[in-house]
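**Student:** Structural data only, the sequence is not supplied:
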Ligand code: F6P
């Protein structure tokens, strides 16, 4: 395919750095996203010839694409970045994103299926798989058009597992990387997928020169799946990658300390700290803080149940502790996420009704996404509860120790990617063990101030070892970019 663009560096991801709301008067309101990729890409500087290719996620985005001149969003909306947003047919997008990426691949890698009834790989699944292929092909074609000769392309995540090989076919001259932000399933679980689909996914990623993961554990699982599904020599000698095989990398994205420390001391955060302190009430009351998307893998309900058990088994903490739980609705197109969101609310209400008193609300639950308030909770945290069933990394586990005012104790699931880097100084839990988590919370609450401060300092150092800018440059560096 002929290249019409001349970009030297390209990023591809489902969600881009900006999304749009379409207002009733027909105007578009741009909202900039945060996260590792946004700050990472800024590391290559405003003059770099870089393009970010992403999908239009909703009606506002689609309208923005229609109004975009030359296929690029206005740089005033994107923080200066060149962004090409793809207007993929809405039904194809819904099948690929909700149907395959979030209901199949996310479930496989986070091992979320309740296997007596799920998964169901039937004709409807095959139809949606066709959409997932078309969605990946649309990205591959856009990247092929935008990339200059020999450009470096870094393709992100499970939404785009097929794109590396598709792009390789269109443009053998490119240097292609793929980065997985999720865990990777071990072979026994990965092979729930139909054999041809499992092979297509692995081969898709092996179309890249470099396939990278957040931890050694996920990288090893990927290699194990390749050996089991594709054969013992893969990925080391994959001829189709065009460059002597796919190299496997591990780059553990860390917290952006400079940004977080500055942002968490701005006036709106101070204001929310005052409001939150009022909600918590009670002189010297301790806080157990969690901040998550309301995501099945985050294990919020078991966290609430562990807190309830703490109040039962250690009644001395009643009236002296509050569980500050921020759970921001996510993927609400999927009924299983809507049900889970309702269950979080129900269990929190139940605890408050059973244990609350006139001057004490045991669980302070907020569901409206508010970044300044999340940072306020980070600063107030005595204990941070991060107990996912499985998680690629979990940046909250890294961010709270960086921001916390007094030094917090991190109660951390051994199934979070962050455990590899933070496990030594955290109080580690099996996320399924509610009693064990309750005891870990008790231990964390009672930890002497000096020990808590020392551990927190070491956690913050480990958490910031690979800030987003360096993490991103490492991806490019692995491709010789
Ligand atoms: O962990 C993978 C990931 O893509 C993250 O980068 C991100 O936090 C999350 O999933 C977002 O999911 P969605 O775009 O579906 O809201």
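**Tutor:** Thanks, I have the structure now. Bear in mind the structure is a predicted one, so any value in this text is a computation, not a measurement.
**Student:** Let me see the contact set for the residue most central in space within the chain.
**Tutor:** Against the mean C-alpha coordinate of the chain, by CA atoms, centre = their mean, the closest residue is residue 181 at 6.3 Å. By CB atoms under 8 Å, 6 or more residues apart in numbering, the residues touching residue 181 are 156-158, 214, 253, 392-393. Bear in mind the C-beta positions are built from the backbone N, C-alpha and C, glycine included.
**Student:** In CSV: those residues, plus pLDDT and neighbour count.
**Tutor:** Shown next, in CSV, are these (pLDDT from 0 to 100; neighbours: other CB atoms under 10 Å):
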residue, pLDDT, neighbour count
156, 96, 21
157, 97, 19
158, 98, 22
214, 97, 26
253, 94, 26
392, 97, 25
393, 96, 24
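**Student:** Intersect those residues with the contacts of the ligand.
**Tutor:** 157, 392 (CB under 6 Å from any ligand atom).
**Student:** of the contacts of residue 181, closest to residue 172?
**Tutor:** Closest approach to residue 172 among these (CB to CB): residue 156, at 21.4 Å.
**Student:** Angles on the backbone of the closest one, please.
**Tutor:** The phi/psi pair for residue 156 (degrees, to the nearest 10) reads phi -110, psi 130.
**Student:** distance between whichever strand or helix holds residue 350 and the chain's centre?
**Tutor:** Following DSSP states H and E, one finds residue 350 within helix 335-355. Centroid displacement of helix 335-355 relative to its chain, using CA atoms, centre = their mean, to the nearest Å, is 23 Å.
**Student:** pLDDT at residue 195, what is it?
**Tutor:** Per-residue pLDDT puts residue 195 at 97.
**Student:** Now do the same contact list for the closest residue to it other than its chain neighbours.
**Tutor:** Spatial nearest neighbour of residue 195, excluding adjacent residues (CB to CB, 6 or more residues apart in numbering): residue 229 at 7.3 Å. Residue 229 sits next to 187, 190-191, 195, 198-199, 202 when contact means CB under 8 Å, 6+ apart.
**Student:** run the last query once more with 7 Å
**Tutor:** 191, 198-199, 202 (CB atoms under 7 Å, 6 or more residues apart in numbering).
**Student:** Let's verify it: helix, strand, or coil?
**Tutor:** Assigned with DSSP: H, G, I helix; E, B strand; the rest coil, residue 229 falls in the helix class.
**Student:** hey, where'd the strands end up in the stretch 51-200 of the chain?
**Tutor:** Along the stretch 51-200 of the chain, the stretches classed as strands by DSSP state E, counting those that start in this stretch are 82-86, 147-156, 175-179.
**Student:** hey, which of those strands is tucked in deepest?
**Tutor:** Of all the strands of the stretch 51-200 of the chain, strand 175-179 has the most neighbours on average by mean count of other CB atoms under 10 Å, namely a mean of 26.
**Student:** Tell me the gap between it and the middle of its chain.
**Tutor:** That offset, for strand 175-179, works out to 18 Å (CA atoms, centre = their mean).
**Student:** Quick check: can you name the pairing partners of that strand and their directions?
**Tutor:** strand 147-156 (parallel), strand 210-213 (parallel) (DSSP bridges).
**Student:** what residues does it touch?
**Tutor:** Outside strand 175-179, the residues touching it (CB under 7 Å, 6+ apart) are 150, 152-157, 164, 167-168, 205, 207-212, 475, 478-481.
**Student:** just stretch 308-319 next, same as before
**Tutor:** So stretch 308-319 is contacted by 282, 351, 355, 357, 360, 362, 434-435, 438, 441-442, 445 (CB under 7 Å, 6+ apart).
**Student:** Okay, now the unreliable bits of this protein?
**Tutor:** Where the chain drops to pLDDT under 70, the residues are 1-4, 46-47, 236-244.
**Student:** For the ligand, what's the nearest residue on the stretch 251-400 of the chain?
**Tutor:** Across the stretch 251-400 of the chain, no residue is closer to the ligand than residue 392, which sits at 5.0 Å (CB to the nearest ligand atom).
**Student:** Please give me every residue in contact with that residue.
**Tutor:** Shown in contact with residue 392 (CB under 7 Å, 6+ apart): 181-183, 214, 218, 417.
**Student:** where does it fall, phi/psi-wise?
**Tutor:** With angles defined as degrees, to the nearest 10, residue 392 sits at phi -60, psi -50.
**Student:** Domain parsing of this structure, as residue ranges.
**Tutor:** Here the chain is described, according to automatic domain parsing, as comprising the domains 7-253+470-478, 257-463.
**Student:** if I pick residue 208, what's in contact with it?
**Tutor:** With contacts defined as CB under 7 Å, 6+ apart, the neighbours of residue 208 are 164, 176-178, 246.
**Student:** one step back: from the contact counts, what lies against the helix holding residue 350?
**Tutor:** strand 286-294, helix 300-313, strand 321-329, strand 363-366 (3 or more CB pairs under 7 Å, 6 or more residues apart in numbering; DSSP states H and E).
**Student:** what sits up against that helix?
**Tutor:** Residues outside helix 335-355 that contact it (CB under 7 Å, 6+ apart): 294, 296, 300-301, 304-305, 307-308, 311, 318, 325, 327, 329-332, 361-363, 365.
**Student:** cool, and stretch 275-288?
**Tutor:** Residues outside stretch 275-288 that contact it (CB under 7 Å, 6+ apart) are 307, 319-324, 359-360, 364, 373, 376-377, 380-383, 385, 441, 445.
**Student:** So what would you say the end-to-end distance of it is?
**Tutor:** For stretch 275-288, the first-to-last residue distance is 17 Å (CA to CA, to the nearest Å).
**Student:** next one: stretch 153-166
**Tutor:** By CA to CA, the extent of stretch 153-166 from end to end equals 13 Å.
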